[in-house]
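J.: Let's see this in three dimensions:
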Amino acid sequence: MKVLAVGDLVGNVGLKKFEKEYKMLKEKENIDFCIVNAENVAEGMGITEKAFKKLLELNVDCITMGNHTWAKKDIFSFIDNPKLIRPANYPTNNPGKGYQIFHCKNKKIAVINLIGRVTMSVLSENPFIVVEQIIEKIKNQVDIIVIDFHAEATAEKLALAYHLDGKVSIVYGTHTHVQTADEKIMKNGTAYITDIGMTGPIESVIGMDKDASIKRFVTSLPERYKIAESEAKLNACIFEINDENCQVVKIKRINIE
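T.: Okay, here's the model as predicted:
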């Protein structure tokens, strides 16, 4: 089985790039299951109903979110769709689900979305404790567990991966929008990469207009961010899983410009 995890869609630019490349990529790489992080698809913050419906039309299997989950009020009209998950360690009473279980090729795949707490400025519970509770609940119900850890700090992501090594199939990071080159299969079989990158404008500062970003850093004055206008790239990762033991045997980074 091959699982494709696509890095944060940034704005309509990122959505169009994904729409353009996905079918071809899926056929070329024989993808069985696709997870897309879409918390930046609404011009950098949140997701709209229009963008959500487009991803459903493209037959994406699971859509994950992050720190901008609630940025667009649209989401409350479709938050209960079984293909959409938001960070599981948001406050317990928040709407939506933090994980879902899917069926693919006679396997049950659990996808868990988590958000980091280091420098994220988001009210959330401890992701290490929350994910342990979820794993304990579902471990006998599923064959494969995949985690999208939407976090800023590399140390937090690495620590979670080591903490869960052997308990889950895949831990990958999102949020920083820069694809890292540290993919590996850990000692006890868990596949890991710090960040799978972004799908959005190439000539940008993590998807945003570079001039606005530079001005903020040079002057320390507030400057409204806006999506950069440039050609786009698609960042993703393919995890190839052995159907017998459900462990990852190969990790392939994707960068399509």
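J.: Please enumerate the helices of the protein.
T.: Using DSSP state H, the helices assigned to the chain run over residues 11-29, 49-57, 127-138, 154-164, 210-219.
J.: which one of those helices lies closest to residue 248?
T.: When the helices of the chain are ranked by proximity to residue 248, the top entry is helix 154-164, at 12.4 Å, counting by C-beta to C-beta. Any C-beta I mention is one placed from the backbone N, CA and C, and that applies to glycine too.
J.: quick revisit: quick one: the helices of the chain as CSV, columns for mean pLDDT too.
T.: Compiled in CSV, the helices of the chain are given as follows (pLDDT from 0 to 100):
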stretch, mean pLDDT
helix 11-29, 97
helix 49-57, 98
helix 127-138, 98
helix 154-164, 98
helix 210-219, 91
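J.: I'd like those as a markdown table, with mean neighbour count appended.
T.: Formatted as a markdown table, the helices of the chain follow (neighbours: other C-beta atoms under 10 Å):
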| stretch | mean neighbour count |
| --- | --- |
| helix 11-29 | 18 |
| helix 49-57 | 16 |
| helix 127-138 | 16 |
| helix 154-164 | 18 |
| helix 210-219 | 13 |
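J.: Which one of those lies nearest to residue 112?
T.: Across the helices of the chain, residue 112 has its closest neighbour in helix 127-138 (5.9 Å, C-beta to C-beta).
J.: okay, the angle between the closest one and helix 154-164?
T.: Computed with axes from the mean of the first three to the mean of the last three C-alpha atoms, to 10 degrees, the direction of helix 127-138 lies at 30 degrees from that of helix 154-164.
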